[in-house]
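> Sequence plus the predicted model coming up.
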Protein chains: 4
Amino acid sequence: MGAPRFTSDDEQVDRLYEAAADADLQPLWQLRGLLPAVPDGLGTHVWRWKVLRELAESSGRLIGIHQGGDRRVLSLSHPGLGGLPFATHTLWGGIQYLNPGEVAPAHRHSPAALRLVLEGSGVWTLVNGDAIPMQPGDLVLTPSFSWHEHQNPGDEPMIWFDGLDLPLVRNLDAVFFEDGPGEPTPAGQPALSDSELRFAARGILPAWPAAPASAVQPPASGLHSPLLRYPWADTDRALTALLERAGTAWAEVRYADPATGRDIMPTLRAEMLRIRPEGRTSRRRTAGSAIVVVRSGSGASLIGQERCDWSAGDIFVLPSWAAADHHSAEGADLFILSDAPVLEAIGLGRRQAEDVR
Amino acid sequence: MGAPRFTSDDEQVDRLYEAAADADLQPLWQLRGLLPAVPDGLGTHVWRWKVLRELAESSGRLIGIHQGGDRRVLSLSHPGLGGLPFATHTLWGGIQYLNPGEVAPAHRHSPAALRLVLEGSGVWTLVNGDAIPMQPGDLVLTPSFSWHEHQNPGDEPMIWFDGLDLPLVRNLDAVFFEDGPGEPTPAGQPALSDSELRFAARGILPAWPAAPASAVQPPASGLHSPLLRYPWADTDRALTALLERAGTAWAEVRYADPATGRDIMPTLRAEMLRIRPEGRTSRRRTAGSAIVVVRSGSGASLIGQERCDWSAGDIFVLPSWAAADHHSAEGADLFILSDAPVLEAIGLGRRQAEDVR
Amino acid sequence: MGAPRFTSDDEQVDRLYEAAADADLQPLWQLRGLLPAVPDGLGTHVWRWKVLRELAESSGRLIGIHQGGDRRVLSLSHPGLGGLPFATHTLWGGIQYLNPGEVAPAHRHSPAALRLVLEGSGVWTLVNGDAIPMQPGDLVLTPSFSWHEHQNPGDEPMIWFDGLDLPLVRNLDAVFFEDGPGEPTPAGQPALSDSELRFAARGILPAWPAAPASAVQPPASGLHSPLLRYPWADTDRALTALLERAGTAWAEVRYADPATGRDIMPTLRAEMLRIRPEGRTSRRRTAGSAIVVVRSGSGASLIGQERCDWSAGDIFVLPSWAAADHHSAEGADLFILSDAPVLEAIGLGRRQAEDVR
Amino acid sequence: MGAPRFTSDDEQVDRLYEAAADADLQPLWQLRGLLPAVPDGLGTHVWRWKVLRELAESSGRLIGIHQGGDRRVLSLSHPGLGGLPFATHTLWGGIQYLNPGEVAPAHRHSPAALRLVLEGSGVWTLVNGDAIPMQPGDLVLTPSFSWHEHQNPGDEPMIWFDGLDLPLVRNLDAVFFEDGPGEPTPAGQPALSDSELRFAARGILPAWPAAPASAVQPPASGLHSPLLRYPWADTDRALTALLERAGTAWAEVRYADPATGRDIMPTLRAEMLRIRPEGRTSRRRTAGSAIVVVRSGSGASLIGQERCDWSAGDIFVLPSWAAADHHSAEGADLFILSDAPVLEAIGLGRRQAEDVR
């Protein structure tokens, strides 16, 4: 399909529009809405845990793991995006379900992914051969074009949240994909991944050996965090200490590359926000969008003029430039995935804090 | 519109798909083509100078400058993009036409723009108040959210190429726009812009005064080049010297921020490629897309398996990951605008050189 | 004193030399040894813990804390440096001794310092008001121009190693110094310093509040680590995990800024090297010098052609470009302080590994 | 020589001091002046062009080029540095003299050097084989460990100023030196060096070929400017344009790496300061020292409380943290060489502007 045909009340101009359309050109002066004053295209949307969990379990019963794409995922499809399987213009969110005994075989792709474990235990994700244990609340990274597979040798199913930059990478026309060998990688299922052994304490970096002979993981590219698992205990400890020190109603931590302090991956920022009982965050807005996963607790957010109630397991969208605050009667932990590093890297980051409406 | 409804040959699965659609979820295993092996969505496309020029002149006769958007632009609408007024998924290209005596009044927007002058002279573009003269072959920058207006006090019309990152910024939900005061800014029309006076020689940077009292331009943000005009004479001299030294069939220069060496703006790379008579470039492909404007000469490109002939003023698209080479019997200068800095900044840059098919 | 007078066997040349000396000029062709093929000026030197401890205790008995400089320090004076109180051309090392009940009052200076606790407990170092507990094996930072004081409210003395970049900063003519108010800062003596509460886990950075109202510490300058204490338990855990993973005879970690991964301070690198029982390191050499403090264990080093035996508490020098390896029968931990970040920052870093003689 | 012996009026303390000296330790509390409030060690000093020129010519008549070090240089020996052949604690300055027909053969060393041509023409400096023409006012770089030789095929002698970071690199124990083959490199003596051909215009960088087959120069390390000659015409044009724009009494430009905007070399900053007739600069002070070469004109500086008159060819020192301003009745150009990049790279940069005393 080529350029659309515009019309006017002047015959000569009509002929110009006709010729322009034939030449695959469009008159800018006819294109309304191309440059809005502020981003306002997309509203928020909530997916409820009760529904997500029920449909994930149904898919676990009805759909084989190898039935298309080798991943049993239900993807969030924001109703404002015209049927696309995306949560926002840049972010993909999904619920993945893996039965006991199943293996989701290795593949790799230029879109980067992360996992936040919602339920279950005993699953290993192998990233370039490094076996990473998954427990509830853990954040696990599968950076751009790293081989990854999921193995469930345990006896219970696991449900996790998948976050990807897939819509962004598609818009950049930069999706590359490769299938792995098909056979599961033999994994020793150690208590700690190699990446955790190398980065075992805050502020202490391996100097030698940087990459011993036995290493399964290739040398870090410097583009993403070499630490591939952020266990829940670390996140919880950091939030507890930060709140103890700050004495505020809420606190927020950012998952970072321990070797550079930069975001875990160049396209995705991950944060955990803790609200104390009866706490309320300040009101802020940011250029760029986010997906919020309620890790625990319940509460409500005021997003633009829309009130959104939520409880554990619910997932909702923070649209670009929508002012938002969050409060909780019982206290809550919110996992926030955003495209902020992308906007910041190219000079488009903007935020407003406090008292925005 | 919500999530699409899928079907199967199993009633239970159909119920699952129904429930998923009702819940704004989509089954990943039904989504074919989401992760292609390599980018292959978009083909090339050529717009001919003869047509561009004729329609630009028609619009100059028929359309008032203040008729919608205050800019008289015909935008390239790639037929592979379903009617969008964009040249590629990330890049906007257009032909702007300004009659003698006209003023396109000041506005600013988060999408960044550049201009390559194709025909005419005597126009000033004011960027944050700095009056920048425009001559054929000059590259003029209007970085993200800088005020810019165009004034034609001369006696001939001007046609220039507009390149913007608008499609990218829209996909990031990060378009901000503001109108200026409406009245033209009084401009002294000096021979050189302030930005050229401050950066008057290669490798020599102003140390003091960095921003004198009389400065119209605000201090540089560090995000874009403080040099706002790259006169054709400089570009020509650089290419001539580089070819003299290298003795190769072609050479290429990159427009850069003289204070950092980085790309002129964080979202756009601009390059000029010179092919000697009877020269042919190597064959390369790059993740990310580009618009090519034939500054002078004629020749042909092999883009993927498609041969594309071109001559002065023609504009064509280099799609993401399409192998391409260019040759010319008489010699040619090609201006290349791409989104490469974006992909590189977020770790998605990829290229293959030589002998790619 | 002006330029030295050179002589020759030619009267005219003598007159030239005379005139040059009178004009504060020197003939380069008479200056032998100005540009040696490789750095070779300084040998190694060892200070024995038995002596260091005994003299530190004597000074604790005999010298009041306020007697000159408000610090009771014995500084390492390398015999190859002509009587200067420095360990190498760039590094200061010393042994500081603080009696129970004593306070070394606040001051600040542009030279940066760090402390490695050798014996005792119950001391607090306050850095810009943040009370940092000190225990054996802890590394504590007092970055350039940060206020620091030491308080010993406990009932035992403490001995620690002081490492500074003072010789370097003097050579750069960049020493600045300021005395504090004289009165001790009231300190709550918490179990953890503010800086540890803010950076409580690896790879998890505080996002909000970055600096709450109650903060005693000013916002980080970005020039040094915001984490001011590296407790021994963290260092030990990191080395244990790294050796478990690597299976090598030795391993080494680097103390880093958790927010950037860079060295703890821009002029000083701190590392801990663990040798397993019967282990031997590879042989390496590096441009720039280092001070080694034997944290525990015993062993020997071959430095150039010199053999240097050491046991716990000993301190020795690794001269610039001297090839060195270390081995230990019982296993050992070596703390290594060097000026490597300086040389690397200005392009003078060089190293050779393996099989160097 | 080991640690000095201190004395007291207490016998026990005397024994402690004795034992400390025997153990190569020094009591900090006896070390006065180690930490001055501000840098104040070194005063200014002036070397007069009349004397420099006369002695350089004498050395040209009396001393063979191969007589020690292969360079005929008179080095500035600041009388406050106890006979060292250095201008400041970090900077070397010298006057080099090359007769017609002479060749100063190739060598290389880790200390970096630059040349400012004072008199004569027709000399080529070869840097890694790239033949660089030298004319009055030109700045020519010989970065750290690059091969360099000087050839004078012309018929007049040349005198130039040599600036090096040698004292700094010696203090860092990081001097490496290597002699070249002895035979002069055949040089085509082109009008422009390769490095100038590659970087022929401001803000225009070579993209392809980056390093053609015929290149004599190895790929840039990124540590220093790839542009090795800054011809006087460029510097003059930049200063003229900057003054035209600013309308101030003086202006200053910094020589920069055109590919990064950073200083020409990581240890040395070079600037040119132009004072208009009857102009006076602001009064400033900076941590770190500088050498000033009067390129043209005459005037006077107030450095601390010392007045220093100067005219063309004179060289004087700006000591660390000395407040200084400069004025000129007839107008003047001052070349300023400093160690500022070193101090800034390691967080020790400090400056005060305006009204400092």
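Arrived safely. Predicted model only: the values in this text are computed from it and were never measured. Numbers count the residues shown, from 1 in each chain, chains lettered A, B, ... in the order given.
> where are the low-confidence patches of the stretch 201-350 of chain A?
For the stretch 201-350 of chain A, residues meeting the criterion pLDDT under 70 lie at A:211-221.
> Which part of it gets nearest to chain B, residue-wise?
A:Ser320 (3.6 Å; Cβ to the nearest Cβ). Glycine gets a C-beta too; all of them are placed from N, C-alpha and C.
> Next up, the contacts around that residue.
A:39, A:41-42, A:88-89, A:286-289, B:172-174 (Cβ atoms under 8 Å, 6 or more residues apart in numbering or on different chains).
> ok, of those, which come out buried?
Using 16 or more other Cβ atoms under 10 Å in any protein chain shown as the burial test, the contacts of A:Ser320 include A:39, A:42, A:88-89, A:286-289, B:172-174 as buried.
> Can you classify A:Arg245 by secondary structure?
Under DSSP: H, G, I helix; E, B strand; the rest coil, A:Arg245 falls in the helix class.
> residues near it, how many?
Other residues lying near A:Arg245 total 23 when counted by other Cβ atoms under 10 Å in any protein chain shown.
> how close does it sit to chain D?
From A:Arg245 over to chain D the distance is 26 Å, taken as Cβ to the nearest Cβ, to the nearest Å.
> before we move on, what about A:Gly188?
41 Å.
> can you list the residues of the stretch 251-357 of chain A near chain C?
A:251-261, A:264, A:271 (Cβ under 8 Å from any Cβ of the partner chain).
> Closest one to chain D out of those, please.
Once Cβ to the nearest Cβ is applied, the member of those that ends up nearest chain D is A:Gly261, at 17.0 Å.
> residue contacts, that closest one?
Applying Cβ under 8 Å, 6+ apart, the residues near A:Gly261 are C:205, C:257-261.
> can you give me the helices in the stretch 251-357 of chain A?
A:340-345 (DSSP state H, counting those that start in this stretch).
> let me redo that: the stretch 1-150 of chain A
Using DSSP H, counting those that start in this stretch, helices in the stretch 1-150 of chain A cover A:11-22, A:49-62.
> wait, which of these is closest to chain D?
So among those, helix A:11-22 is nearest, using Cβ to the nearest Cβ, at 34.3 Å.
> And the closest one, what does it pack against?
Secondary-structure packing of helix A:11-22 (3 or more Cβ pairs under 8 Å, 6 or more residues apart in numbering or on different chains; DSSP states H and E): strand A:25-27, helix B:49-62.
> quick check: mean pLDDT across that helix?
Averaging pLDDT along helix A:11-22 yields 97.
> Stretch A:83-103 now?
pLDDT averaged over stretch A:83-103 gives 97.
> nearest spatial neighbour of the residue of the stretch 201-350 of chain A closest to chain B, skipping sequence neighbours?
B:Asp173 (3.6 Å; Cβ to Cβ, 6 or more residues apart in numbering or on different chains).
> and the gap between that neighbour and C:Lys50?
Per Cβ to Cβ, to the nearest Å, B:Asp173 is found 69 Å from C:Lys50.
> what about the most centrally placed residue in chain A, distance to D:Pro157?
Central residue of chain A (Cα atoms, centre = their mean): A:Gly163, 3.0 Å from the mean position. Applying Cβ to Cβ, the value for A:Gly163 to D:Pro157 is 71 Å.
> Can you tell me the closest non-neighbouring residue to the residue in the stretch 151-300 of chain A positioned nearest to chain D?
Closest residue of the stretch 151-300 of chain A to chain D, Cβ to the nearest Cβ: A:Gly222 (15.4 Å). Once flanking residues are discounted, A:Gly222 sits nearest to A:Thr260: 7.5 Å by Cβ to Cβ, 6+ apart.
> what about the closest residue in space to A:Arg32 that isn't next to it in sequence, distance to chain C?
Nearest non-adjacent residue to A:Arg32, counting by Cβ to Cβ, 6+ apart: B:Gly68, 7.8 Å away. Counting by Cβ to the nearest Cβ, the gap from B:Gly68 to chain C is 43 Å.
> tell me the contacts of B:Gly68?
The contact partners of B:Gly68, taken as Cβ under 8 Å, 6+ apart, are A:28-32.
> Try it again at 10 Å.
A:27-32 (Cβ atoms under 10 Å, 6 or more residues apart in numbering or on different chains).
> On the pLDDT front, check it for me.
74.
> For A:Asp355, report the pLDDT, please.
pLDDT, A:Asp355: 61.
> List phi and psi for the residue nearest to A:Arg32.
When read as degrees, to the nearest 10, the backbone of B:Gly68 gives phi 90, psi 100.
> Out of the helices of the stretch 1-150 of chain A, which one sits most buried?
Mean neighbours per residue, mean count of other Cβ atoms under 10 Å in any protein chain shown, is largest over the helices of the stretch 1-150 of chain A for helix A:49-62, with a mean of 18.
> What helices and strands are in contact with that helix?
strand A:73-76, strand A:92-98, strand A:113-119, strand A:158-164, strand A:306-311, helix B:11-22, strand B:25-27 (3 or more Cβ pairs under 10 Å, 6 or more residues apart in numbering or on different chains; DSSP states H and E).
> sorry, back to before: kindly reformat the helices of the stretch 1-150 of chain A as JSON lines containing distance to A:Asn128.
JSON lines is the format used below for the helices of the stretch 1-150 of chain A (distance: least, Cβ to Cβ, whole Å):
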{"stretch": "helix A:11-22", "distance to A:Asn128": "50"}
{"stretch": "helix A:49-62", "distance to A:Asn128": "27"}
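> So which of those is nearest D:Leu334?
helix A:11-22 (60.2 Å; Cβ to Cβ).
> Quick one: residues contacting A:Val145.
One correction, residue A:145 is Phe, not Val. Here A:Phe145 is in contact with A:108-112, A:128, A:176-178, A:221, A:223-224, B:347-348, B:350 (criterion: Cβ under 10 Å, 6+ apart).
> Can you say which of those residues are buried?
A:108-112, A:128, A:176, A:223-224, B:347-348, B:350.
> So which of the residues you listed is the closest to D:Ser77?
For the buried ones among the contacts of A:Phe145, the nearest to D:Ser77 is A:Leu223 (51.0 Å; Cβ to Cβ).
> can you count the residues close to A:Ala329?
A:Ala329 has 13 nearby residues by other Cβ under 10 Å.
> Chain B contacts on the stretch 151-300 of chain A?
Residues of the stretch 151-300 of chain A that fall close to chain B, judged by Cβ under 10 Å from any Cβ of the partner chain: A:162, A:165-179, A:221-224, A:265-268, A:287-289.
> which ones among these are found in strands?
Members of those lying in strands (criterion: DSSP state E): A:162, A:177-179.
> Excluding covalently adjacent residues, which one is nearest to A:Gly80?
In space, A:Gly80 is closest to A:Leu42, 4.7 Å off (Cβ to Cβ, 6+ apart).
> okay but the one you found is in contact with A:Glu306, surely?
No: in this structure, A:Leu42 is not within contact of A:Glu306 by Cβ atoms under 10 Å, at 12.0 Å.
> do you know how far the residue of the stretch 201-350 of chain A closest to chain B is from chain C?
On the measure of Cβ to the nearest Cβ, A:Ser320 and chain C end up 19 Å apart.
> next one: A:Leu343
Relative to chain C, and taking Cβ to the nearest Cβ, A:Leu343 is found at 16 Å.
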